[in-house]
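Engineer: What follows is a predicted structure for the sequence shown.
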2 protein chains.
Amino acid sequence: MFQPPKGTRDLLPTDMRKLNYLVSVIERVFNNYGYEPLDSPAFEDWELLSAKSAGGEELKKETYYFKDKSDRELGLRYDFTVPTARIVASDPSIPKPFKRYSIGKVWRYDQPQAGRYREFWQADVDIYGTLLPVADAEVIVVAVDCLRKLGFKDFKVRLNDRRVIERKIVNLGIKNPLEVFRCLDKLEKMGEECVIKELREKEIDTGKIEKIMKLVRSKPEEMDELESLVRELKKFGISKEIVVDFSLVRGFDYYTGAVFEISTGGLSIAGGGRYDGLVETYGGKPTPAVGISLGVSRIIDEMEKKKLFKIEDYPARVFVCAVKEEVNAEVVKIVQELRGNGVSADFDTAGRNLRKQLDYVNAKNIPFAIIVGPEELKTKKLVLRDMKSGKEKKLGLEKIVKELQ
Amino acid sequence: MFQPPKGTRDLLPTDMRKLNYLVSVIERVFNNYGYEPLDSPAFEDWELLSAKSAGGEELKKETYYFKDKSDRELGLRYDFTVPTARIVASDPSIPKPFKRYSIGKVWRYDQPQAGRYREFWQADVDIYGTLLPVADAEVIVVAVDCLRKLGFKDFKVRLNDRRVIERKIVNLGIKNPLEVFRCLDKLEKMGEECVIKELREKEIDTGKIEKIMKLVRSKPEEMDELESLVRELKKFGISKEIVVDFSLVRGFDYYTGAVFEISTGGLSIAGGGRYDGLVETYGGKPTPAVGISLGVSRIIDEMEKKKLFKIEDYPARVFVCAVKEEVNAEVVKIVQELRGNGVSADFDTAGRNLRKQLDYVNAKNIPFAIIVGPEELKTKKLVLRDMKSGKEKKLGLEKIVKELQ
């Protein structure tokens, strides 16, 4: 029997309804904040994906790479930041600031674990064309607003600044701070021991590693670079949620300033930062940029745990049952009348008897059934059954439509 | 400068708004008819994609194939039918009939031409678990309803039956009718000459080729297999749109019965058919199935030609301008108040002067601007400017919110 490829999964109707609900809430917030939708291909030129200051060496290893039938080197996108920066670089006519969102799948050849897949959904907002920290604040606020609208109440906004942490690491006599960042990014995911092991593999000596670990564990006091961001966040009413955290570095090489993550119950569910150099790297005009990405699949898992989903989990509101084959044509008319009036409706397309039709209605969790027989058609009164209570009413179709709308 | 890979394209905001509108209309119809959402990974095991009676030899050549880092052979999905049949085969607990829809991207390594891309959007509905022609009729009706809701008025529903045409082709002494179908499928796309050339390449002799071409050009008279489908379609009110057409075969090898296409102005924009053997091929219980696929990208092109889009093409309804930097904090409050009341709103994140802010409002086609200065804050009357007419009103924020809601 065939299964989905390792690290990927199918989304059956119940999962898809959750995803669709989440996407619709998020998309409404994004539009409400003036972000514009953008889509790019699932794959990009390998040269773009593996360009210096793109995803970083580590990420390159975790990318799906392939050649098309003309030997063109391609890779599946691992984020939305790289494709969007490509678009902004190649089309200088886009008015700035350019506020855009993308919602869709990205792919990484990661080790599959609980809650971690090789194909997953992300929802990003980014602002291109402004250096001001008010833009950093706004992308954080958009994400917070999404989480609130989804029902999350407690969360932390962790902040750091790449320039600060880079300066401190360089001061320790380390020449390639990006290498250290890539290790530190695994702190939450893999734990301290694993990070220390990886730092050792980079041939950083034990004394320096100890100092790095002490640094990331330390409680930051001065942090000039973040002062204005904190001030801007306060204008939006975000202040007690803020935690400045030296251990936060984020994995992508392209970050150049503030980096941030939003977490709930210790789990990071959104993250981003400022990447002022990326558009220029791709041949565009120098264009500062900042963005945040919501981990859609992870948010769904958290919402399940917290029972935040309140969605209708059935295919249709009403199922129109035929008592006998001879009423089939009338059943079709009734179903089309319901559908035409905005009531989702279904009927039997498999020639089953009434009992089996009702079994199906129960199996599918459909809340109402209408029962149609020759007698009902003659009197023009149909039986509307509430499947939960078992209560039945005899009503004309017009009244049933009103009741179900 | 980097471009999207050959045969693919970016969708900028104006295009995305069209796509989002189309998807929302289609999805509402699918839900209204009781179809349930389903998603599968972008790639599948190559063994599945290239299985006999899946897409067909021709399609295999047109598929993106690659290996992951563990040398697993994979391919990008070229349709939704194969992944869905895999899911149905592997999970016998799904109640039947199973009516599901999928909307998303598929990939084919086709020769790019006008309106034809290597990455494109499809929207499918399928019914698994019933042999009855009422199911064939319903999937056609769903597609017709989508097209009507999108504003299409004139269309044809072309029908054929693989069994009829297969019988006729076998009667001509041809042993592999599937091979002939694959050639005939190109009739609309490539023209008669090209089909004849391809049939010659299959070493079918000229006399037989002439008879095949005569057959597909002939007007069908008897067609028992389609009689009941035509009768079912009439129950749904579709009758004068029906054309029975021997030249319609569809390219996929998996079709086993009725095949159909919906076209507008001679252009096919939806197509499907019955494929009763596919689930069994993948190791599942014998499960009859029928479905239809809407060509989303092509429908968008047609809607553009016919000017059927009536959508709001701007990022926000109102832009709140700051006259001076000192009012920035108040501007943020006003913007958040508007957003909180469901009015999409934006403000300057780039520190520009008032004139440049208004230039941006015009460039972005934003219909309203609110102008905020120290005077306006003191009197609590803000200036609301209708950007189209240039008319201005002085109003309190509460009234502005009501006006814009």
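Structural biologist: That came through fine.
Engineer: contacts and neighbour counts: CA atoms only from here.
Structural biologist: Fine.
Engineer: Show me what residue of the stretch 251-400 of chain A gets nearest to chain B.
Structural biologist: Per Cα to the nearest Cα, the residue of the stretch 251-400 of chain A with the smallest distance to chain B is A:Ser344, at 3.9 Å.
Engineer: any idea how far that residue is from A:Val318?
Structural biologist: Going from A:Ser344 to A:Val318 by Cα to Cα, to the nearest Å gives 7 Å.
Engineer: Give me the pLDDT for the closest residue in space to A:Lys186 that isn't next to it in sequence.
Structural biologist: The spatially closest residue to A:Lys186, leaving aside those adjacent along the chain, is A:Val195, at 6.5 Å (Cα to Cα, 6 or more residues apart in numbering or on different chains). Predicted confidence (pLDDT) for A:Val195: 88.
Engineer: Same check on A:Lys69?
Structural biologist: 85.
Engineer: now swap in A:Gly265 and tell me
Structural biologist: 87.
Engineer: just A:Glu188 next, same as before
Structural biologist: 79.
Engineer: Tell me if I am right that it is in a helix.
Structural biologist: Yes. Under DSSP: H, G, I helix; E, B strand; the rest coil, A:Glu188 sits within a helix.
Engineer: burial count for it?
Structural biologist: A:Glu188: 14 surrounding residues under other Cα atoms under 10 Å in any protein chain shown.
Engineer: Up against chain B, what does the stretch 101-250 of chain A have?
Structural biologist: Within the stretch 101-250 of chain A, the positions adjacent to chain B are A:Tyr109, A:Glu119, A:Gly129, A:Thr130, A:Leu131, A:Leu132, A:Val134, A:Ala135, A:Lys235, A:Phe236 by Cα under 8 Å from any Cα of the partner chain.
Engineer: so the fourth one makes contact with A:Pro97?
Structural biologist: Yes. Under the criterion of Cα atoms under 8 Å, A:Thr130 is in contact with A:Pro97, at a separation of 6.2 Å.
Engineer: immediately after the strand or helix carrying A:Val383, which helix or strand?
Structural biologist: A:Val383 is part of strand A:382-386 when elements are defined by DSSP states H and E. Downstream of strand A:382-386, the next assigned helix or strand under DSSP H and E is strand A:392-395.
Engineer: which parts of the strand holding A:Val383 are buried?
Structural biologist: Buried positions in strand A:382-386, judged by neighbour count with 16 or more other Cα atoms under 10 Å in any protein chain shown: A:Leu382, A:Val383, A:Leu384, A:Arg385, A:Asp386.
Engineer: which parts of the stretch 301-405 of chain A sit against chain B?
Structural biologist: Near chain B, when you scan the stretch 301-405 of chain A using Cα under 8 Å from any Cα, you find A:315-316, A:329, A:332-333, A:336, A:339, A:342-346, A:349-351, A:360, A:363-364.
Engineer: Quick one: residues in contact with the strand or helix carrying A:Ile334.
Structural biologist: Per DSSP H and E, A:Ile334 falls inside helix A:328-340. Contacts to helix A:328-340, defined as Cα atoms under 8 Å, 6 or more residues apart in numbering or on different chains, come from residues A:320-322, A:344-347, A:372, A:397, A:401, B:32-33, B:235-236.
Engineer: Please apply the same query to stretch A:161-171.
Structural biologist: In contact with stretch A:161-171 (Cα under 8 Å, 6+ apart) are residues A:176-177, A:212, A:223, A:225-226, A:246, A:249, A:255-259.
Engineer: What average pLDDT does it get?
Structural biologist: The model assigns stretch A:161-171 a mean pLDDT of 88.
Engineer: ok now it, how far from the chain's centre?
Structural biologist: Distance, stretch centre to chain centre, for stretch A:161-171: 30 Å (Cα atoms, centre = their mean, to the nearest Å).
Engineer: now swap in stretch A:382-396 and tell me
Structural biologist: The chain centre lies 41 Å from the centre of stretch A:382-396; the measure is Cα atoms, centre = their mean.
Engineer: just to revisit the earlier point, and the gap between the residue nearest to A:Lys186 and chain B?
Structural biologist: Counting by Cα to the nearest Cα, to the nearest Å, the gap from A:Val195 to chain B is 24 Å.
Engineer: burial count for that residue?
Structural biologist: Neighbours of A:Val195 using other Cα under 10 Å come to 22.
Engineer: How about the contacts made by it?
Structural biologist: Contacts of A:Val195 by Cα under 8 Å, 6+ apart are A:Cys183, A:Leu184, A:Lys186, A:Leu187.
Engineer: Can you check my assumption that it lies in a helix?
Structural biologist: Yes. Assigned with three-state DSSP, A:Val195 falls within a helix.
Engineer: Next one: it from A:Cys183, what distance?
Structural biologist: For A:Val195, the distance to A:Cys183 - Cα to Cα - is 6 Å.
Engineer: can you check A:Val125 too?
Structural biologist: 26 Å.
Engineer: same check, this time on A:Ile269
Structural biologist: Applying Cα to Cα to A:Ile269 and A:Cys183 gives a distance of 20 Å.
Engineer: ok, which stretches of the stretch 251-400 of chain A are helices?
Structural biologist: Secondary structure of the stretch 251-400 of chain A (DSSP state H, counting those that start in this stretch): helices located at A:278-281, A:296-305, A:328-340, A:354-363, A:374-379, A:397-404.
Engineer: Mind putting these into a markdown table with mean neighbour count?
Structural biologist: As requested, those are exported to a markdown table (neighbours: other Cα atoms under 10 Å in any protein chain shown):
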| stretch | mean neighbour count |
| --- | --- |
| helix A:278-281 | 22 |
| helix A:296-305 | 17 |
| helix A:328-340 | 19 |
| helix A:354-363 | 16 |
| helix A:374-379 | 12 |
| helix A:397-404 | 14 |
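Engineer: With respect to B:Asp301, which of the ones you listed lies nearest?
Structural biologist: Nearest to B:Asp301, of all the helices of the stretch 251-400 of chain A, is helix A:328-340, at 26.8 Å by Cα to Cα.
Engineer: how far does that closest one sit from the chain's center?
Structural biologist: Distance, centroid of helix A:328-340 to centroid of chain: 38 Å (Cα atoms, centre = their mean).
Engineer: how much space between A:Val125 and A:Val106?
Structural biologist: A:Val125 is 15 Å from A:Val106, by Cα to Cα.
Engineer: who has more neighbours, those two?
Structural biologist: A count of neighbours by other Cα under 10 Å puts A:Val125 above the other of A:Val125 and A:Val106, at 26 against 18.
Engineer: Once you drop chain neighbours, what's closest to that one?
Structural biologist: The nearest residue in space to A:Val125 (Cα to Cα, 6+ apart) is A:Tyr101, at 4.4 Å.
Engineer: which stretch of helix or strand covers that neighbour?
Structural biologist: Secondary structure (DSSP H and E) places A:Tyr101 in strand A:98-107.
Engineer: just checking, what packs against the lengthiest helix in chain A?
Structural biologist: Ranked by residue count, the top helix of chain A under DSSP state H comes out as helix A:13-32. When contacts are defined as 3 or more Cα pairs under 8 Å, 6 or more residues apart in numbering or on different chains; DSSP states H and E, helix A:13-32 packs onto helix A:133-149, helix A:296-305, strand B:36-37.
Engineer: Can you get me the centre-to-centre distance for the following helix or strand past the longest one and its chain?
Structural biologist: What that stands for is helix A:133-149. Per DSSP H and E, the first helix or strand lying C-terminal to helix A:133-149 is strand A:156-161. Counting by Cα atoms, centre = their mean, strand A:156-161 is centred 20 Å from the centre of its parent chain.
Engineer: can you state the direction angle for strand A:156-161 and helix A:133-149?
Structural biologist: 160 degrees (axes from the mean of the first three to the mean of the last three Cα atoms, to 10 degrees).
Engineer: who does strand A:156-161 pair up with?
Structural biologist: strand A:242-244 (parallel), strand A:258-264 (antiparallel) (DSSP bridges).
Engineer: Need the residues that contact the first one.
Structural biologist: Read that as strand A:242-244. A:Lys156, A:Val157, A:Arg158, A:Leu159, A:Asn160, A:Lys219, A:Pro220, A:Val230.
Engineer: And the average pLDDT for that strand is what?
Structural biologist: On average, strand A:242-244 scores 92.
Engineer: what is in contact with A:Thr130 and A:Pro97 at once?
Structural biologist: In contact with both A:Thr130 and A:Pro97: B:Thr349, B:Ala350, using Cα under 8 Å, 6+ apart.
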